[in-house]
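Student: Need a 3D model of the following:
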Amino acid sequence: MTHEELEEAIPLYAVGALERSERQAIEAHLLSGCGACHAALKEYQTVASHLPFGLTPATPPNTLKAKIMSAPAPLAGTADVEKPGSRSSLEPGEWMNHLFPPIAPARSWPFRFAMGFAGLAIVLGGGYLAWLSFTQSAERSGEIQQLQAAVQQATARVATLQADAQRREQAVGTLKSELDQRATELADVRDQLIQREAELDDVRAQLTQRESSLQRLARQNEEFSGFFKNPASKVVSLSGSEMAKSAGAFILFDPVTKKAWLYAFNLPALPNGKVYQLWAIDEKPVSAGVFGLDTGQKGRMLIRNLHEFSRMKKFAVTVEPDGGVPQPTGAIYLVGQI
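Tutor: Model prediction:
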């Protein structure tokens, strides 16, 4: 059966007027969960429960009893045998006389009572079902409201947690920015400390160098004083050439220790990679050492072994490459003779 046919048979099912197969088909369809057919069945059952109360009692005719009483009774053992000339069926009126004997009117009220009771039972059953459905709907509505309230609380809690998380993220971002700034400042301070340490190292090196220079100067001054105090010391003066007219120098020689001391002044500053070199000249120039200039354009040099001083006839100072050379190659700045 199609859904339309099943829906049309719902009223007959409500009053119990269907065959067994049709009734089973309707019940199977209702069990499948069709909401429209369930609603229609409830409406028709409500109407059917009121049908017995809408009937009007009818009074049987006076001739009904006489007809029923005058009907011939069948012989024993021949109720099922049809006599010749007998009728195959009863007339409609005779069916009524056969179905309703004379005592039927007295017993007609139980049928109506039963129908009324059945209708009342249907009404009560429908009311109970309606009450049960309403109760279940109310319970479900309460559960739904509780669930909705729980969902709202959870949503509010999630929103609060999200707001807290955002505030914490902002705080973390602020702290991170401050940490980055502090790290940059620390890096700058560290660079400054490194620079100051380098400067201190340079100052220490300069101090060490100056201390060495001072110690060397002190030793040189001491030796120089020794040359002056020794009456046997000999002096050779050197004067500036055309390259350095204002320059001058002198050499002190100690014949006992064979040491000589050179002191030069007003010499021009040396180019990079150049030194002044002293030459002792007999037949050919012999290097007596190299020296540089201090900040006052003065040069000092201690010659520790000058054995052939008595043979030397002349002294000269030239500018040579750093480290000195075996033979003079540069211009002469100082010159003097014994």
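Student: Mind jotting down where the helices sit in the chain?
Tutor: Using DSSP state H, the helices assigned to the chain run over residues 3-8, 10-14, 20-31, 35-50, 63-70, 92-99, 104-229.
Student: so what secondary structure elements neighbour the fifth one?
Tutor: If I follow you right, that is helix 63-70. helix 92-99 (3 or more C-beta pairs under 8 Å, 6 or more residues apart in numbering; DSSP states H and E). Where C-beta positions appear, they are placed from N, C-alpha and C, glycine not excepted.
Student: so where is this protein shaky, pLDDT-wise?
Tutor: Where the chain drops to pLDDT under 70, the residues are 50-58, 65, 71-120, 123, 213, 216-232, 307.
Student: let's see 80
Tutor: 1, 15, 17, 47-134, 136-137, 209-233, 256, 295-296, 305-310, 338 (pLDDT under 80).
Student: Tell me which of the helices of the chain lies nearest to residue 309.
Tutor: Residue 309 lies closest to helix 104-229 among these, at 13.0 Å (C-beta to C-beta).
Student: which other helices and strands contact the closest one?
Tutor: Applying 3+ C-beta pairs under 8 Å, 6+ apart, one finds that helix 104-229 contacts helix 35-50, strand 248-254, strand 259-265, strand 298-303.
Student: List the buried residues in the shortest one.
Tutor: Across strand 298-303, burial judged by 16 or more other C-beta atoms under 10 Å covers 299-303.
Student: burial measure for the spatially closest residue to residue 49 that is not a sequence neighbour, as a count.
Tutor: Using C-beta to C-beta, 6 or more residues apart in numbering and skipping residues adjacent in sequence, the residue nearest residue 49 is residue 122, 3.7 Å away. Applying other C-beta atoms under 10 Å, we find 18 residues neighbouring residue 122.
Student: Surely residue 122 touches residue 47?
Tutor: No. Counting by C-beta atoms under 8 Å, residue 122 sits too far from residue 47 to count as a contact (10.1 Å).
Student: Make TSV from the helices and strands packed on helix 104-229 and add distance to residue 209 to it.
Tutor: Listed next are the helices and strands packed on helix 104-229 as TSV, based on distance: least, C-beta to C-beta, whole Å:
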stretch	distance to residue 209
helix 35-50	108
strand 248-254	25
strand 259-265	21
strand 298-303	16
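Student: Out of the ones you listed, which is closest to residue 207?
Tutor: strand 298-303 (20.8 Å).
Student: Within the sheet, what are the partner strands of the closest one, with directions?
Tutor: The pairing partners recorded for strand 298-303 under DSSP bridges are strand 259-265 (antiparallel).
Student: Tell me what angle the partner strand forms with strand 248-254.
Tutor: On the basis of axes from the mean of the first three to the mean of the last three C-alpha atoms, to 10 degrees, strand 259-265 is oriented at 170 degrees to strand 248-254.
Student: what's strand 259-265 in contact with?
Tutor: With contact meaning C-beta atoms under 8 Å, 6 or more residues apart in numbering, strand 259-265 is reached by 220, 223-224, 227, 238, 247-254, 276, 278, 288-289, 291, 297-306, 309, 317, 334.
Student: now it and helix 104-229, what's the angle there?
Tutor: Going by the same axes, to 10 degrees, strand 259-265 makes 110 degrees with helix 104-229.
Student: could you dump strand 259-265 to PDB, C-alpha only?
Tutor: The C-alpha trace of strand 259-265 is given here as PDB (Å, rounded to 0.1, in the frame of the first residue of the first chain):
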ATOM      1  CA  LYS A 259     131.300  51.700  24.300                       C
ATOM      2  CA  ALA A 260     130.000  54.800  22.500                       C
ATOM      3  CA  TRP A 261     126.900  57.000  23.000                       C
ATOM      4  CA  LEU A 262     125.200  58.900  20.300                       C
ATOM      5  CA  TYR A 263     122.800  61.800  21.000                       C
ATOM      6  CA  ALA A 264     121.200  63.600  18.000                       C
ATOM      7  CA  PHE A 265     118.700  66.500  18.000                       C
END
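Student: how far is that strand from where the chain is centred?
Tutor: From the chain centre to the centre of strand 259-265 is a distance of 79 Å (C-alpha atoms, centre = their mean, to the nearest Å).
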